[in-house]
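In: Dropping a prediction and its sequence here:
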Amino acid sequence: MNAPWHSASIILRKYVKERWSPYFESFKGNAPSVEVKSQIRHAVLQGLSDPNRKIRSLCAHTLSYIGNCDWPDEYPELLNSLIALISSSSSDSVHGAMQVFTEFIKSDLTEDQILPVLRQLLPVLLTILGSTEQHTPLTRARTVSVFRQCVTALYMVKDQHPQAVKEATATILPVWLDAFKVLLNLDPLKDVSSQDNWDGLAVRIQVFRTLDVIHTSFPRSMASYVRDYLDASLHHLQVLFQTYDHFYILGSGSAPGSSEEETVELPHLICPLFDFVSNVVRGGKAKDWLQAETLNSLVSAIFNYSQITADDEETWATNANAFVAHEEDDTQAYGVRVAGFELLYTILNRSPAQICATFQTVIQQVIAASQRARESGSNVWWKPLEASLAAIGSQSEDVLECIEDEQDSGRPKPIDVENLLANVVPSILHQSDFPFLQGRGFVFASQFAKLLPLQIAGQYLEAAMHVIESNSAGIPVKISAVKAIHNFCEGAEESAITPFVSRIAQDLGPFLLVTTEDTLSLVLETMSVVLDVNKGQWLTADLANSLVLAVLEVWAKNNKDPIFLSIFTEIFASLASSTATGVYENVVKQALPTLCASIAGAKPQEAWIAGSAIDLISSLVRGAPESGLGDGFFALLAPSLFNSLSDAEDRDVLQNGMECLALIVRKDCRQILEWRDPSGQSGLDHVLKVIARLLQNDDESGGLVIGDLIIHLLRRAGEAILPVLPELLQAMVLRMLSAKTATFIQSLVIPFAFLIYNQPDTVLYLLESTTTNGRNGLDVLIQTWCENAETFQGFWQSRVSTLALTKLYASGRPSLQSLMVKGDIILKPETKNVIMTRSRTKTTPHEFTSVPFPVKALKLLVHDLRSGGESATIPKAEYDVDSDDGDEEWTEEEQQNQGFKQEEFAFLSEMLGPRGVNFDNDDILEETDDEDLRNDAISQIDMQENLVSFFKDCATHNVNNFSANVDHLSAEEIMVVRHAIDH
């Protein structure tokens, strides 16, 4: 009887997905009538109470789909029907309905429906949770899962309904938190003692996940429970480890799993447990709990659970990519080991010296225990030692910083890493029968390379090279050796690495051709840092040749991968920038013809080939010596590059092409000016054609790149550009009329600012005599400039804009005096203190005053003067309803600094800088690679001093009727001007 039902349920679910409604992406048409839908809903709802568990589950999934689509408009009774089922005395009905609720609360309740539904639903859920005899653990676990989604829903609406949510949490959360406390105090071993299933773990899993959410959303409600939950967490870790060790680390049997399709495993409990403790510690609520004895037990537990499992051991021994992915911070699959390391990071940041001292105690215990296990004949003696080294190594940066801070303060080192490096790790490097431990030794040593004396560092590198060159070494240890070399090159003294660096590069070359995916990425990144050692002065022409050929071969297979491409470009730039005799010339000779051929041969539908080839050529240009690119470089490149850019539609090709041309203009503009195509047109003619094409393009994604190219042409091409300058400037003014994006507008304005700063009269005369679409060219430029000046990005670009504005103001030209531009925003009663959304802006658009250009210029210059010296302030907000962020338990230091420690707040303030300038300024966060502009005279000017001098001069000589123009400024702006003049 059940087999037809089962088949029918599967078919019905498929039918709902494909025929029910256009709501579903897989809909194929022919939706049923309202009557038929009603009959189907009724039948599926009845199926939730079927005696057969699989039928209940299939009906639950089907009803979830229907509910997503139809509730509440077409199926308003669904919610009450489900609540009726879970309120019934039938365990089957409760089981079926709970599966629907698990999905339902997550996706379908609106903010107005949540509170009424929760009042009805939560008491029923709590009754089910407490009915251990009537309902299965999995059903009870689902009540906790649904409750967690309810908590999330409450948090999402607390701003819309603050008082209602506050009352709800005050009445609801304590009852559930008490229930969780009782559940967690039950013996966890009972849930893993059955050989049939571990269903009981499911409740604990959901409880820890829910505690994490409650602590994040409503920490104040949990304050009085935190200590009990932390104690319970540690108790779970301690009593369950023997089971975890048996089934997962040793792999001595298969864990029973669950009685249903849901997966129930011990790692699914340990991960949310670690996460919960991490969040409590991070929130500053575990300070009293983290005392010596507790810390020792917690760190020991983390080290224990971080051991390599039998499954991982089997997979990683043969799958290099899986092993690399787990070892890399940005590709690690989330699991027990990763969650444990994250918890270590959290507690280490809260109390560095205390945790490092605990590391020292625990690692010594592990070393002694491992030695005893080895002597007793255990074949897994190495696992605890590997895990402990991996755990400490994962925190190497913070550990090193802590050691330095303690020594600087005159206190002893809390952990003796040097002793580990001198007396423990060397013996590990020879444990070839235990490749994961052997590999960990290499990686651990490299993570603390800064502590190694030169001679010892050399010995470690020698050993790593021996492994890489060995034919017998396995995947884990070879990859670990490569990673160790990567770390050594980044962290150790160059003098320790230089003797080995040529040999390392030779050995890594062949690896490039036999690795893929994550492993290839590691080898490429290692090659990149190796080439940076001593700026590549150790390279020979032959070695550079072989590396270029290998990288080109790898690029040809992976030229669509943006991550690989970023590493290829770094490698090419490093190779090209080597000052060793003949290296640059040989690199160009090997790479440029191949890359040019790739650009010429790339089909339109394979634009990424041309784009990435141009990118690699740009890297060669970046690395080229100051003396130029070398004869014939541009002559070889020009035909394929200009042909590609003349008809390319792909934005990456166009942007990469412009960047490449801008670099060549900077490095060796002479070659562009001297090159001629068969028809006699110069390289400059072709560059201007590319610019003209991009100016006519509706796609503005080129943004700042066009402006950079034009700026460098103006700076480098000299008199060669003068004959075509009027036409170029007119085209730029015309494009301003339709430009929309801020970066594109900047690209059009900044070249004018540069020209006005250097030759104001010539440029202004040219603009005054130009008419574009019935408007004077100067009018178009000034209007565009004034509206967008405050959005300009870039250190040099912002400066040249400001300096040019001072020139324009001081010029006193009649054409500028009468020019009216957009002034300040007009504040209306209906928009005051209102956040203007898009829809509000459409119905009530902003209005602005209209002011003469000289007044606007002063406003912009006052703004620049103010932004040069004020420090950021963070105003305190006021709320009608008490906050539930739990900040009343911050320390006095944290309360004074918005929850941060003093040094953390100072770092944040430094990052943000005056009015957030550092945070949004690429040139401060990361140095621009445009050495030309960085070294330009404009970049060396003291802008604060320059602007103060400008205002003083204007006041002294009443330049351009200065005193009258200042009267049109706001009261605040006038104060800034007076302050500048008087000081």
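Out: On my side now, so go ahead.
In: Would you confirm that residue 968 contacts residue 853?
Out: No. Look at residue 968 against residue 853 with C-beta atoms under 8 Å: they stay out of range, at 11.6 Å. Any C-beta I mention is one placed from the backbone N, CA and C, and that applies to glycine too.
In: Which of the two has more residues huddled nearby?
Out: For residue 968 versus residue 853, the count of surrounding residues by other C-beta atoms under 10 Å is larger for residue 853: 25 against 17.
In: Buried residues, stretch 218-238. List them.
Out: Across stretch 218-238, burial judged by 16 or more other C-beta atoms under 10 Å covers 218-222, 225-226, 229-230, 232-234, 236-237.
In: In contact with residue 28, which residues?
Out: 18-19 (C-beta atoms under 8 Å, 6 or more residues apart in numbering).
In: quick one: secondary structure of it?
Out: coil (DSSP: H, G, I helix; E, B strand; the rest coil).
In: pLDDT below threshold where in the stretch 801-950 of the chain?
Out: 827-846, 868-930 (pLDDT under 70).
In: What helix or strand is residue 272 located in?
Out: helix 267-282 (DSSP states H and E).
In: Please read the previous query as pertaining to residue 440.
Out: With DSSP H and E as the test, residue 440 turns up in helix 435-447.
In: How about residues contacting whatever helix or strand comes next after that helix?
Out: Counting by DSSP H and E, the next helix or strand C-terminal to helix 435-447 is helix 454-469. Applying C-beta under 8 Å, 6+ apart, the contact partners of helix 454-469 are 421-422, 426, 429, 442, 445-446, 449, 452, 473, 477-478, 481-482, 484-485, 488, 492-493, 495-497, 499-500, 503-504, 507-508, 511.
In: rewinding a little: could you check the angle helix 454-469 makes with the helix holding residue 440?
Out: 140 degrees (axes from the mean of the first three to the mean of the last three C-alpha atoms, to 10 degrees).
In: Please export the C-alpha coordinates of stretch 728-742 as CSV.
Out: Extracted in CSV, the C-alpha atoms of stretch 728-742 (Å, rounded to 0.1, in the frame of the first residue of the first chain):
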residue,chain,number,x,y,z
LEU,A,728,40.5,66.2,-28.4
LEU,A,729,39.4,68.8,-25.9
GLN,A,730,36.2,69.5,-27.9
ALA,A,731,35.4,65.8,-28.0
MET,A,732,35.8,65.7,-24.2
VAL,A,733,33.6,68.7,-23.7
LEU,A,734,30.9,67.1,-25.9
ARG,A,735,31.0,63.9,-23.9
MET,A,736,30.5,65.8,-20.7
LEU,A,737,27.0,66.6,-21.7
SER,A,738,26.0,63.0,-21.6
ALA,A,739,28.4,61.5,-19.0
LYS,A,740,26.7,59.9,-16.1
THR,A,741,29.2,58.1,-13.8
ALA,A,742,31.4,59.9,-11.4
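In: Tell me which residues of it come out buried.
Out: So, applying 16+ other C-beta under 10 Å, buried residues of stretch 728-742: 728-736, 739.
In: now swap in stretch 650-665 and tell me
Out: 650, 652-665.
In: Tell me how many other residues crowd the closest residue to residue 221 other than its chain neighbours.
Out: Nearest non-adjacent residue to residue 221, counting by C-beta to C-beta, 6 or more residues apart in numbering: residue 173, 4.4 Å away. Neighbours of residue 173 under the rule other C-beta under 10 Å: 20.
In: Check residue 696 too.
Out: Considering only other C-beta under 10 Å, residue 696 is surrounded by 10 other residues.
In: Also residue 939?
Out: Neighbour tally, residue 939, other C-beta under 10 Å: 16.
In: quick thing: my sequence starts at 41, can you match it?
Out: Yep, numbering from 41; the last one is residue 979 now.
In: Can you tell me the element it falls in?
Out: helix 977-980.
In: Lowest average confidence across helices and strands of the protein, where is it?
Out: helix 962-965 (a mean of 38; mean pLDDT, DSSP states H and E).
In: what's the following helix or strand after it?
Out: helix 971-974.
In: In terms of secondary structure, what does that following helix contact?
Out: helix 744-756, helix 835-851 (3 or more C-beta pairs under 8 Å, 6 or more residues apart in numbering; DSSP states H and E).
In: Report the buried residues of the longest one.
Out: Taking 16+ other C-beta under 10 Å as the neighbour-count basis, helix 835-851 is seen to contain the buried residues 835-851.
In: could you say which helix or strand contains the residue lying closest to residue 627 once chain neighbours are set aside?
Out: Spatial nearest neighbour of residue 627, chain neighbours left out: residue 615 (4.8 Å); criterion: C-beta to C-beta, 6+ apart. Using DSSP H and E, the element containing residue 615 is helix 602-617.
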